[in-house]
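*Asks:* What follows is a predicted protein model with its sequence.
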Amino acid sequence: FDKTDGSEVGLVADLRLPPDYIPELSLVALLESQIVGYAMFHFVTLEGKSSPRIVDLGPVDVLPQFQGQGVGSALIRQGLASCVARGEPLVMCLGHESYYPRFGFLSSQIYGILPFWEAVLVYPIEKDLERFRGLSYPHG
């Protein structure tokens, strides 16, 4: 959904390019054939001595008149369940620390993953994420 300056549309267009795009994790919520919400999970490459590709969540958007009704939450939960089913080790996101913990996201610093901003969060899927310690979330 456009945020008046077109930046969100441009971001989504960029994220839909190979090799980072994961088509089956680009989720939409429909109400009577109208798209009312969107959540995108895509690959990012962590920076450091190794460069693993991991799944990142964002953007998540819901039309204003449908916000607060669980649309975004349903999209996030479905995407996380799909990441678990795919065998992904973790999901990261750059997001509000007051919103994402309800889904199981924790500060990346708990796992030794260095954020460039304090609100880089991790949804742990594997029990041992030690191999990601000392790596950093990409700077955009």
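*Replies:* Everything's here; your move. Since we're looking at a predicted model, the values are computed, not measured.

*Asks:* which SSE is residue 72 in?
*Replies:* Residue 72 is located in helix 71-86, with elements delineated by DSSP states H and E.

*Asks:* Now the most centrally placed residue in the chain: which helix or strand?
*Replies:* Most central in the chain under CA atoms, centre = their mean is residue 57, positioned 0.6 Å from the mean C-alpha point. Element membership for residue 57, per DSSP H and E: strand 53-62.

*Asks:* Name every strand pairing with that strand and say which way it goes.
*Replies:* Applying DSSP bridges, strand 53-62 is found paired with strand 34-45 (antiparallel), strand 90-94 (parallel).

*Asks:* What are the buried residues along that strand?
*Replies:* By neighbour count on 16 or more other CB atoms under 10 Å, the buried set for strand 53-62 is 54, 55, 56, 57, 58, 59, 60, 61, 62. (Glycine included, C-beta is placed from N, CA and C.)

*Asks:* What of stretch 105-125?
*Replies:* 105, 108, 111, 113-115, 119-125.

*Asks:* swap in stretch 129-140?
*Replies:* The neighbour-count check on stretch 129-140 (16+ other CB under 10 Å) flags 129, 132, 135, 137 as buried.

*Asks:* coming back round to it: same list (the buried residues of stretch 105-125) but as JSON lines, adding secondary structure.
*Replies:* Putting these into JSON lines (DSSP: H, G, I helix; E, B strand; the rest coil) gives the following:
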{"residue": "105", "secondary structure": "coil"}
{"residue": "108", "secondary structure": "helix"}
{"residue": "111", "secondary structure": "helix"}
{"residue": "113", "secondary structure": "coil"}
{"residue": "114", "secondary structure": "strand"}
{"residue": "115", "secondary structure": "coil"}
{"residue": "119", "secondary structure": "coil"}
{"residue": "120", "secondary structure": "strand"}
{"residue": "121", "secondary structure": "strand"}
{"residue": "122", "secondary structure": "strand"}
{"residue": "123", "secondary structure": "strand"}
{"residue": "124", "secondary structure": "strand"}
{"residue": "125", "secondary structure": "coil"}
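
*Asks:* Sort those residues by pLDDT and name the bottom one.
*Replies:* Least confident by pLDDT among the buried residues of stretch 105-125: that is residue 115, with 81.
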